Each structure stands twice: as C-alpha cells, then as structure tokens.
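Participant: Let's see this in three dimensions:
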Amino acid sequence: MLAAAAELFTEQGYAATTTREVAERAGIRQASIYHYFTGKEEILASLLESTVQPSLEAARTLMEAPAPAEARLWALCLRDVRLLCSGPHNLGVLYLLPEAERFAQFQELRNALKDAYARLLARTAAAATLTEAELGLRARLVFSLVESVILIRKDAPALVVEPMAEATADAALRVGGIPDGELPAVREVGRGLL
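Facilitator: Okay, the predicted model is just below:
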C-alpha cells in the first residue's frame, strides 16, 4: 500500500490521488486500506515520517559516537542524502506539499533532525570561531543543503546516489566552516561510522 501511495502521490500529487486508486495500484480492495490506515492522510504521514525517522535514529547514534564532530556530521549528511535518494520514488517531494505542514509528528521529527545537525556542527572546531548567530545560520544552511537533493533528484532522477551523497556531505562541511584540507581525513573517519 505504501509503495502504491508513494508512486501515486509523487507522480500525480496527493490531492489528485484517491484511496481507491491506491488500493487498485496495490492490488487490494479499498476497504482493506482501512485495516491499516485511517485514511489517505495517515498514509501520507507514514510516508513523510519514513523520510526522516531513519536519519534521526542515525543522528542519535552519531551524537554519541567516539569520533570528531566533523566526521560525525559528514556521516550524518551522507546517510541522510542516501535516504532521501533511496527508493524508486522521490518521497522528499512530499515535503513540498501544502498538506505536509499539517503533520505535527513529521514536523517534530524533522525539527529534531535539524537540531541534531546544529548540535553536531556546534561541536566542530570551526564552530569556535563563529558567533551564535553565524552558527545558527550555518546550521540551517547545512540542513537545507542536504534537503536540496530532493529538488536535484526531481530535476535529474538518474543521478548516481553515492557521488551525489559524498559531494553533498563535503559541501555541507565546507558551509559549516571545515577547511578543505581537513576533508580527506574527515571522510575516512566518517565512512567508518556508517
């Protein structure tokens, strides 16, 4: 059901998709949907949460990992981009739906992930040279850069994920103030955390 809904929501839009179409695509009766979900909104909520929850779990693990913050941040960026670019459908485009704003659980998870990015960035050596306002801005930029792969994937769905994930993680660290000369060592340690 979720795969069918993901395909329909990303191809024709949430508002234009009916539960009857989801059931038909999934090869089940429409009434069967209601054994698992209360309706179309709950299906969308589940899909939205699936784009954030795994990265948030990884972030929580990385927060405690015995490694430099730069490597942990790089690993989180890489892991998050991989998730946002996984699967046959670009579920991240669902973030752009006006309906996405109504889902409090999704918004809470996304805010917790955004906060994890900010806390990891604050633990880097580069953060010591930034004012609180600069650090906040850079944290938002890092998070936005990672989520920008949603639009990149929308425009170029055939891009190979791993090079894009690594390039995005590198760029995120540059935005965070980590010098280019440190990136090779950061990547090496970061890969070991995944």
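Participant: Centre of the chain to the helix or strand hosting A112, how far?
Facilitator: Element membership of A112, judged by DSSP states H and E, is helix 104-122. Taking Cα atoms, centre = their mean, to the nearest Å, one finds the center of helix 104-122 at 10 Å from the center of the full chain.
Participant: what's in contact with that helix?
Facilitator: 45, 48-49, 52-53, 55-56, 59-60, 62-63, 69, 72-73, 76, 80, 100-101, 127, 135-136, 138-140, 142-143, 146, 176 (Cβ atoms under 8 Å, 6 or more residues apart in numbering). For glycine as for every other residue, the C-beta is placed from the backbone atoms N, C-alpha and C.
Participant: Name all residues that make contact with R153.
Facilitator: L84, C85, N90, G92, L159.
Participant: Ignore what I typed, I meant L47.
Facilitator: L47 makes contact with L2, A5, A6, F9, L91, L94, according to Cβ under 8 Å, 6+ apart.
Participant: So for stretch 33-40, first residue to last residue, what's the gap.
Facilitator: 9 Å (Cα to Cα, to the nearest Å).
Participant: on that earlier part again, which of the contacts of R153 are buried?
Facilitator: Among the contacts of R153, the ones that count as buried by 16 or more other Cβ atoms under 10 Å are L84, C85, N90, G92.
Participant: Can you list which of the residues you listed are found in helices?
Facilitator: L84 (DSSP state H).
Participant: Could you export the buried ones among the contacts of R153 as CSV, including pLDDT and distance to A167?
Facilitator: Formatted as CSV, the buried ones among the contacts of R153 follow (pLDDT from 0 to 100; distance: Cβ to Cβ, whole Å):
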residue, pLDDT, distance to A167
L84, 94, 14
C85, 93, 12
N90, 88, 18
G92, 89, 17
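Participant: any idea which of the buried ones among the contacts of R153 is closest to A26?
Facilitator: Within these, the smallest distance to A26 is 19.4 Å, found for N90 (Cβ to Cβ).
Participant: If we go by neighbour counts, what in stretch 37-50 is buried?
Facilitator: For stretch 37-50, the neighbour count (16+ other Cβ under 10 Å) marks F37, K40, I43, L44, A45, S46, L47, L48, E49, S50 as buried.
Participant: Please read the previous query as pertaining to stretch 176-194.
Facilitator: Of the residues in stretch 176-194, G176, G177, I178, E182, L183, V186, R187, V189, G190, L193 count as buried by neighbour count, 16+ other Cβ under 10 Å.
Participant: Alright, I will stop here.
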